[in-house]
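J.: show me how the following folds:
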Amino acid sequence: MSNTKLEAIEIVEDRTSASRCDVGFLKLSRLVVCNVYADGTRSEPYPCDVVRRPGSDAVVAVLYEISSAGDVHVILRESPRVPIYLRKHSTFEHPDPREYLTLHEVVAGLVEAGDGAGPTGLRKRAAIEALEEAGFELDPEDLAVIGDETFASPGVTDEKIFYCAGGVRFGDAAEANGDGSVMEEWSQLARFELRAAITACRNGSIPDMKTEVALWRLADHVGYLPQLGCFARDLPPELRERYTSLGVERR
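T.: Modelled structure (predicted):
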């Protein structure tokens, strides 16, 4: 991966007008649908566009370390994201406060056919992404599936996101080589204290929805209460008895 400072992203060619919507990495289905009701009636037909990509589903790998002092830290990956960078060429009702050249995100990647079904396949893919994107070699069994899936943007795409978490030792990281694509040529890793990372999501410094969801799920997974800066086990006895994890972990 390049260590040179990233300055900008330049559009070399715009192939939109000459491209069909059913070819390319992202495919667009332009449909006309109607609602079918229990009494046998149907709504008026209405248009609906659906964006799909190969496999469609993705898995997050939340990589974390708990220090001897009881601090929870996470690894986030900073990389360019062309769609949000190009917002600067458009006009919106709520103008962007800054230029989104790069974005911090949790490690994530597309689920592939050879990964296998169910939680086993998700942990396998999460381990692959942890190595490719962050340089951490994990046994899939060392990763936990933390809760079930969420839809990324259900009004536009059928993409589904799954969430895994894995404890690492930050000093054990090797060089992350990415997947070999130019899109992943520039990236860098950043270490955040968990509470600071969640705060950054809330104040817009890290404006990525899956990352905020993943970080809150991690907090629940390890029993950490960000607002209090402590673990549930450190609560007074009367509160500790009332504490219940909201997570559902799948093996």
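J.: S43 and V32, how far apart?
T.: Distance, S43 to V32, by C-beta to C-beta, to the nearest Å: 11 Å. All C-beta spots, glycine's among them, are computed from the backbone N, C-alpha and C.
J.: hang on, D39 in a helix?
T.: No: using DSSP: H, G, I helix; E, B strand; the rest coil, the assignment for D39 is coil, not a helix.
J.: can you read off the pLDDT for it?
T.: D39 is assigned 97 on the pLDDT scale.
J.: tell me how many other residues crowd it.
T.: Around D39 there are 5 other residues, counting by other C-beta atoms under 10 Å.
J.: got the phi and psi for it?
T.: D39 adopts backbone torsions of phi -90, psi 10, taken as degrees, to the nearest 10.
J.: can you pull out the helices in the stretch 51-200 of the chain?
T.: Secondary structure of the stretch 51-200 of the chain by DSSP state H, counting those that start in this stretch: the helices cover 82-85, 118-134, 194-202.
J.: dump the ones you listed into CSV; add mean pLDDT, distance to R98 and mean neighbour count as well.
T.: Converted to CSV, the helices of the stretch 51-200 of the chain look like this (pLDDT from 0 to 100; distance: least, C-beta to C-beta, whole Å; neighbours: other C-beta atoms under 10 Å):
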stretch, mean pLDDT, distance to R98, mean neighbour count
helix 82-85, 94, 11, 12
helix 118-134, 95, 24, 21
helix 194-202, 97, 13, 18
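J.: go through these and name the closest to V51.
T.: Closest of these to V51 is helix 82-85, at 11.5 Å (criterion: C-beta to C-beta).
J.: return that closest one as CSV; C-alpha atoms alone will do.
T.: Provided in CSV are the C-alpha atoms of helix 82-85 (Å, rounded to 0.1, in the frame of the first residue of the first chain):
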residue,chain,number,x,y,z
VAL,A,82,-15.0,7.9,-4.1
PRO,A,83,-18.8,8.3,-3.9
ILE,A,84,-18.7,10.5,-0.8
TYR,A,85,-15.7,12.4,-2.1
